[in-house]
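Provide a 3D model corresponding to the input given below.
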Amino acid sequence: MSASEALDLLDPILTHHIVNTLGWRSLRPLQEEAIGPLLAGHDAVLLAPTAGGKTEAAVFPLLSRAQRQGWKGTGIVYVTPLKALLNNLHPRLETYASWVGRTAELWHGDIASSRRRRVLAQRPDVLLTTPESLEAMLVSTHVDHRTFFSGLHSVVVDEVHTFAGDDRGWHLLAVLERLQRIAGRPLQRVGLSATVGNPQELLGWLQGSGAGKRSGTVVSPGVPLLATEAGNASAGPPPGDIELDYVGSVPNAATVIAALHRGEKRLVFCESRRTVEELGEQLRLRGVTTFLSHASLSADERRRAEQAFAEARDCVIVSTSTLELGIDVGDLDRVIQLDAPATVASFLQRLGRTGRRPGTRRNCLFLAVHDAGFLAAAALLLAWSRGWVEPVTAPADPRHLVAQQILALCLQEHRVGENLWPEWWGGLEPFGKAAVPVIQHLAEQGYLDRDGGTLFIGPEAERRFGHRHFMNLTASFTAPPEFTVFNGRTEIGRTDPDLLTEEVEGPRKLLLAGRSWLVTYIDWRRRRCFVEPADEGGRAKWSGFGPDRVRSRTLTRAVREILLGVDPPVVLTRRAQAKLAEARDTHRDVVHPAGNVITRRGDSDVRWWTWSGHRANATLAASLPSVVLRHRHVDDRFVRLRDDVTPRTWRTAVADAGSGLTLPEADVHAVKGLKFAEALPPRLSEATLAARMADLEGARASLTEPVRFLTDTTG
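Residues are numbered from 1 along each chain as shown. Here you go, the predicted model:
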């Protein structure tokens, strides 16, 4: 199809504005190829690098379809994982919709109640929102959800890969099934994503109950074939100017960043809020104009960083993954990464922030501040250079979200037939027979009441989740308790309560928004903390209830390859080369090209160096009880063994494990971090976590690899 033919398929008024208002002579390949299937009502996953025009590829055909078919009311819901991304997209989608006489509006937690009332009174044609806000609309007594969503035809899920990989994805799918039933028609589902390793599987996941029943296509012109956990790469190193350096500390990183690329706009990614705060303070101490962005900053503070993206020039923006996704970064010059992101997919998102201007290339400078971070960065770059990227896989057995959805449905409908509830999810896998024990438990424990063949909210659900109109029931993730920090009437952000309760010598100081603050008063009842500016000395800290980030088997094996002498094909500074040589010397006894090793240091430190990743090692530890040292922390690189293990007992244990692997035991603290776990029988909560902690395939591979015993490796 030619460019002119593609444009002719769109609404003529829309085409006029694309050519004359936007000044586009033609559409991009993704935008051209998406028109046909989307106009036909097919489901789709649209793949393109960051800034590849995915939003327009989805919205232009859907607006054209709305015009041709005369959709009334809210016909399109546009879902993103972040409020900041919604705020960024809204002006653009509002403009596109207005060209054809339609409207686009925001609905999320930061939207004022007066604006919400206006949205409810005048339903927009396009609603930009999050899964949590959709859930809140469905359960709210102030929203007539049947009327509001009666005209819904299509749902666009931006950054769909970020949903599919965790529980927010299950939550989103369940909410979409309920919306589909309310609308009374199958909803067209369009996912937008940057590079993923398994796009066809991602499409099937997005289709939910419609998988295998509805037409669907992956549109990915020009996107190279990538390797996943199950295959080898077929593409060469992606383009980009990548450099790896070792600086050893956050202050040293600040010194390097302050000295390099002056006059340019630089975006620095850190892997924790604490590191963002520490680096932000160090950069400001060096006179660098600095903006910060992370989830515990106030909306105003985050907005300043987002505004700097679009307007500022000579500055540094320091962020967690909050600015990784599709927010318009304007004229960004450089991306800098401290240590390493958790996944190659995250790195691709971040790398895609640069190289958007003609004549520029994508670039990223890695500054390792820890030894482990240096090896992680080198391994990630090795995997990236081979064209490998993680497959997106939904977490197993979301029983806790089944409990949440049953309760949410009872709030939405007030009463639900005890034999009719499965119809709301259209056969979506978790809501079949496996959900029956969950509902039985909810009824037995008082979360649900039964009367006349119907289910409704019980007293235990009121007690556990009823605060603030059941708002805690609308999100699939757990937010740890935090205190809101104020300087006068200005909210700065939120901090961990541990910083306000632990013993300190001298004044209590916080580090927040890249500045130090002196604590002057704590309102324990309202969870508020009041502060005044301080010169230096503040501390930052946040605790989380979610599972720790764990490195995959592929990335852990890449660390092993690095230690065995393979260099990532990027620019290595002299400091990086020296650190690489040092790391290889330090680890020379724990890697071997012919297989894995078991080392003994002293009398009690025996380790099996599998280099198989956290989940595979957790599975191995559970499956070899006769030789594994119990109640020990599981590491990505090794499994701790009993000090009396011998080659003979080892071979016996491996042979026994070969007949069937065992799922890891669920840690009690991890169970508490599983939101809505209290609404499940303990055995089901533990079974859910055990399934998610396991890597059976990786564990089996480790059991087949040759192993050599090394006696004392202390020297």
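
does anything pack onto the one helix or strand in the chain whose mean pLDDT sits lowest? Which helices or strands?
Among the helical and strand segments of the chain, the one scoring lowest on mean pLDDT, DSSP states H and E is helix 668-672, with a mean of 71. If you count contacts as 3 or more CB pairs under 8 Å, 6 or more residues apart in numbering; DSSP states H and E, helix 668-672 packs onto helix 682-693. All C-beta spots, glycine's among them, are computed from the backbone N, C-alpha and C.

the helix it packs on: how far from the chain's middle?
Mean-position distance between helix 682-693 and its chain equals 21 Å (CA atoms, centre = their mean, to the nearest Å).

what do you get for stretch 311-324?
19 Å.

can you list contacts of that stretch?
Contacting residues not belonging to stretch 311-324 are listed as 82, 84, 257, 262-273, 276, 279-280, 283, 288-295, 302, 305-306, 308-309, 329-331, 341, 346, 349-350, 514 [CB atoms under 8 Å, 6 or more residues apart in numbering].

before we move on, what about stretch 139-149?
Stretch 139-149 has contacts (CB under 8 Å, 6+ apart) with 73-74, 120, 123, 137-138, 179, 182-183, 408, 411-412, 469-470, 473-474.

so which of those residues sit within helices?
120, 137, 138, 179, 182, 183, 408, 411, 412, 469, 470 (DSSP state H).

and the furthest pair within those?
Maximum pairwise distance among these (CB to CB): 24.3 Å, between 183 and 469.

in the least confident helix or strand of the chain, what's buried?
670, 671 (16 or more other CB atoms under 10 Å).

please apply the same query to stretch 303-311.
So stretch 303-311, judged by 16+ other CB under 10 Å, has buried residues 304, 305, 306, 308, 309.

what of stretch 445-453?
445, 447, 448, 449.

can you tell me which of the residues you listed are in helices?
Those of the buried residues of stretch 445-453 lying in helices (DSSP H): none at all.

can you redo the residues you listed as a markdown table with distance to residue 31?
Output for those, formatted as a markdown table (distance: CB to CB, whole Å):
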| residue | distance to residue 31 |
| --- | --- |
| 445 | 52 |
| 447 | 47 |
| 448 | 48 |
| 449 | 52 |
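
centroid-nearest residue for the chain?
For the chain, the residue nearest the mean C-alpha position is residue 162 (4.6 Å; CA atoms, centre = their mean).

OK, contacts around it?
81, 168, 325.

helix or strand right after the longest strand anywhere in the chain?
Ordering each strand of the chain by length in residues (DSSP state E) puts strand 515-523 first. Using DSSP states H and E, the helix or strand that follows strand 515-523 in sequence is strand 528-533.

mind listing residues that contact the next helix-or-strand element following that next one?
Once the chain leaves strand 528-533, the next helix or strand it forms, by DSSP H and E, is helix 553-563. Helix 553-563 is contacted by residues 229, 343-344, 375-376, 378-380, 382-383, 388, 390, 568, 580, 583-584, 587, 590-591, 611-616, 636-637, 695, 698, 701 when judged by CB under 8 Å, 6+ apart.

drop anything exposed from those.
Those of those that meet the buried threshold are 229, 343-344, 375-376, 378-380, 382-383, 388, 390, 568, 580, 583, 587, 590-591, 611-616, 636-637, 695, 698, by 16+ other CB under 10 Å.

give me the phi and psi for residue 126.
phi -120, psi 130 (degrees, to the nearest 10).

thinking it is in contact with residue 98, fair?
No. With contact defined as CB atoms under 8 Å, residue 126 does not count as touching residue 98 (10.5 Å).

could you look up the SS state of residue 455?
Secondary structure assignment for residue 455 (DSSP: H, G, I helix; E, B strand; the rest coil): strand.
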